[in-house]
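1. Provide a 3D model corresponding to the input given below.
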Amino acid sequence: MANKECFFSSDEAHFWLNGYVNKQNCRIWSEANPQVYVETPLHPEKLIVWCALWAGGIIGPYFFKNDEGHNVTVNGDRYTAMITNFFIPELENHDVQELWFQQDGATCHTARATIDLLQDTFGDRLVPRFGPVNWPPRSCDLTPLDYFLWGYVKLLVYADKPQTLDHLEDNIRRVIADIRPQMLEKVIENWTSRLDYIRASRGSPMPEIILKT
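-> Residues are numbered from 1 along each chain as shown. Okay, here's the model as predicted:
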């Protein structure tokens, strides 16, 4: 039986081969200034990974690469190519109807060609920045990939200290494939509680919420 309504959250993340974690996505809690310094190479090797998460599972990972198989950064053309050639065909493998699609306000997401493609595909069931349903900026507390998926995956993929990008990519694929439906059920329960809190508090800052999986 088809799901009548499904909400997909989507996002990209950087995975550095040296294990560096972007401080914008990592919070350090301390009563005093921790004075943390991280030395990194000038041009560290990294992967850029995209996923979409919903109650029924995870679509991805998708690794941004050029025609020669080399890892590349994300721009509007590469993002729309991913949506067209990967995400939309993957949706055909899932029994979903009335699909809602959410993305954040990254430049590649808000390019005119990107928004046009997504509106043609999802109509008014689109939740981006500058779209039919506006997604608020700086909303990482509301995105399951930000508060759960990327942190969980990064916690595990560096355990065996991968020395090559291929090894790191294999680890990312394995960890995401091993995420069980029961864990995602708890993630979605936590997500709905966050939405309820934001509505009730009219968008005030959210206290620390521990996601127990």
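2. Buried residues of the longest helix seen in the chain, list them for me.
-> Counting by DSSP state H, the longest helix found in the chain is helix 181-201. Residues of helix 181-201 classed as buried by neighbour count (16 or more other Cβ atoms under 10 Å): Leu184, Val187, Ile188, Asn190, Trp191, Arg194, Tyr197, Ile198. For every residue, glycine as well, the C-beta is placed using N, CA and C.
3. cool, and stretch 149-167?
-> Neighbour-count burial for stretch 149-167, with 16+ other Cβ under 10 Å as criterion, is recorded at Leu149, Trp150, Gly151, Tyr152, Val153, Lys154, Val157, Tyr158, Pro162, Leu165.
4. And whichever strand or helix holds the fourth one, what does it pack against?
-> Under the criterion of DSSP states H and E, Tyr152 resides in helix 150-157. Under the contact definition 3 or more Cβ pairs under 8 Å, 6 or more residues apart in numbering; DSSP states H and E, helix 150-157 sits against strand 6-16, helix 165-177.
5. quick one on the thing from earlier: may I have the longest helix of the chain exported as PDB, CA atoms only?
-> The C-alpha coordinates for helix 181-201 follow below in PDB (Å, rounded to 0.1, in the frame of the first residue of the first chain):
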ATOM      1  CA  PRO A 181      14.400   1.200  10.300                       C
ATOM      2  CA  GLN A 182      13.900   1.200  14.100                       C
ATOM      3  CA  MET A 183      16.600   3.900  14.400                       C
ATOM      4  CA  LEU A 184      14.900   6.100  11.700                       C
ATOM      5  CA  GLU A 185      11.600   5.700  13.500                       C
ATOM      6  CA  LYS A 186      13.200   7.300  16.600                       C
ATOM      7  CA  VAL A 187      14.700  10.000  14.500                       C
ATOM      8  CA  ILE A 188      11.400  10.900  13.000                       C
ATOM      9  CA  GLU A 189       9.700  10.900  16.400                       C
ATOM     10  CA  ASN A 190      12.400  13.300  17.600                       C
ATOM     11  CA  TRP A 191      11.900  15.400  14.600                       C
ATOM     12  CA  THR A 192       8.100  15.800  15.200                       C
ATOM     13  CA  SER A 193       8.800  16.800  18.800                       C
ATOM     14  CA  ARG A 194      11.200  19.500  17.600                       C
ATOM     15  CA  LEU A 195       8.500  20.800  15.200                       C
ATOM     16  CA  ASP A 196       6.000  20.800  18.000                       C
ATOM     17  CA  TYR A 197       8.300  22.800  20.300                       C
ATOM     18  CA  ILE A 198       9.100  25.300  17.600                       C
ATOM     19  CA  ARG A 199       5.500  25.900  16.900                       C
ATOM     20  CA  ALA A 200       4.600  26.200  20.600                       C
ATOM     21  CA  SER A 201       7.500  28.600  21.400                       C
END
